[in-house]
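Colleague: This is a predicted model, with the sequence first.
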Amino acid sequence: MARKFFVGGNFKMNPMTREAKVSLVSGLNNADLDPATEVVIAPPSLYLIPVLETVRKEVAVSAQNCYCKDSGAFTGELSPKQLVDAGIPYVILGHSERRTIFHEDSALVASKVRAALDASLKVILCIGETLAERESGQTGKVCESQLQAVVRVTNEDDWNNIVVAYEPVWAIGTGKVATTQQAQETHAEIRTYLTKAVSPNVAATTRIIYGGSVTAANCKELAKQPDVDGFLVGGASLKPEFVDIINSRKA
């Protein structure tokens, strides 16, 4: 069965006003979106419920993070069960900004993935290497290590609810983007690893999406690659060109 193309918009700590949030949602609500593409947007936690209540039903809503506990004295955190209770179906975990700025290691990311899956959330799992790791030929090793932590705490069926987002750290918010060949090669390596570490079926069915300065200008060529199943979009998800990225496979 063909993997359904997936485009996620990670708003990060944007927009800065409620008016801008309304404008973003209105733009999506009024746009002609490819029905063959699954679309998910991740606004800041403050706006999760207002966005869920106003965005068109064809667009799903994701949290940008959650904790690995269902409740407790964890000031500032969101629990997986709270997200499910609020009607939020997705959560982004392991984003490089969480790993680098907030020092989340792969073990913590894996524990969050396990808690999210147990609460019936779907997970957008981010992995990726730094520029130094890319230049030293460590891309495969880094991605496998980050995936391995999750493989250890999951079973084969869990992967029905995981989307892997390959995001080279050196390409996030920098304007740089992996070449089409680099993206395809890395996605193929990730799929090969999943074949060995989980199963051939999981490797064949898991969507592996690319993130890292995706724009309307580069999305169509990337979307043609056999192992690129979509995008996780940062800055461009706040602009009108996000619609063009969603429609990158539309004839």
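Modeller: All right, it came through fine.

Colleague: Helices of the stretch 51-200 of the chain, residue ranges please.
Modeller: Counting by DSSP state H, counting those that start in this stretch, the stretch 51-200 of the chain has helices at residues 80-85, 96-100, 106-118, 131-135, 139-152, 180-197, 200-205.

Colleague: Of the ones you listed, which is nearest Trp170?
Modeller: helix 131-135 (3.6 Å; C-beta to C-beta). Any C-beta I mention is one placed from the backbone N, CA and C, and that applies to glycine too.

Colleague: Ranking the helices of the stretch 51-200 of the chain by mean neighbour count, which comes first?
Modeller: helix 106-118 (a mean of 20; mean count of other C-beta atoms under 10 Å).

Colleague: Contacts for that helix, please.
Modeller: With C-beta atoms under 8 Å, 6 or more residues apart in numbering as the test, helix 106-118 has contacts from 65-70, 79-80, 91, 93-94, 98-99, 123, 125, 145-146, 148-150, 152-154, 158, 161-162.

Colleague: same check, this time on stretch 193-210
Modeller: Everything outside stretch 193-210 that qualifies as a contact, by C-beta under 8 Å, 6+ apart, is 1, 3-4, 6-8, 124, 140, 143-144, 147-148, 151, 154, 156, 159-160, 162-167, 178, 183, 187, 190-192, 222, 227-232.

Colleague: And the nearest residue to Glu241 once chain neighbours are set aside, how close does it get to Ser237?
Modeller: Setting aside the residues directly before and after it, Glu241 is nearest to Ala216 in space (C-beta to C-beta, 6 or more residues apart in numbering), at 3.9 Å. Ala216 sits 12 Å away from Ser237, going by C-beta to C-beta, to the nearest Å.

Colleague: And Glu38, by the same measure?
Modeller: Taking C-beta to C-beta, one finds Glu38 at 15 Å from Ser237.

Colleague: between the two, who's got more neighbours?
Modeller: Applying other C-beta atoms under 10 Å to Glu38 and Ser237 shows that Ser237 carries more neighbours, namely 25 against 19.

Colleague: In three-state terms, how would the more buried one be classified?
Modeller: helix (DSSP: H, G, I helix; E, B strand; the rest coil).

Colleague: My read is that it contacts Pro15, right?
Modeller: No. With contact defined as C-beta atoms under 8 Å, Ser237 does not reach Pro15; the gap is 10.7 Å.

Colleague: now the strands for the chain?
Modeller: 5-10, 37-42, 59-63, 90-93, 122-127, 162-166, 208-210, 230-233 (DSSP state E).

Colleague: hey, which of those strands is tucked in deepest?
Modeller: strand 230-233 (a mean of 29).

Colleague: send the alpha carbons of that one over as CSV?
Modeller: Output of strand 230-233 as CSV, limited to C-alpha atoms (Å, rounded to 0.1, in the frame of the first residue of the first chain):
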residue,chain,number,x,y,z
GLY,A,230,6.5,14.5,2.9
PHE,A,231,7.9,17.4,5.0
LEU,A,232,8.0,19.0,8.4
VAL,A,233,8.0,22.7,7.7
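
Colleague: name the helices or strands packed onto it?
Modeller: On a contact count with 3 or more C-beta pairs under 8 Å, 6 or more residues apart in numbering; DSSP states H and E, strand 230-233 meets strand 5-10, strand 208-210, helix 219-223, helix 241-246.

Colleague: Distance of Asp227 relative to Ser26?
Modeller: The value you get for Asp227 to Ser26, if C-beta to C-beta is used, is 34 Å.

Colleague: Which one of those two is surrounded by more residues?
Modeller: Counting neighbours by other C-beta under 10 Å for Asp227 and for Ser26 shows that Asp227 has the greater number, 19 against 12.
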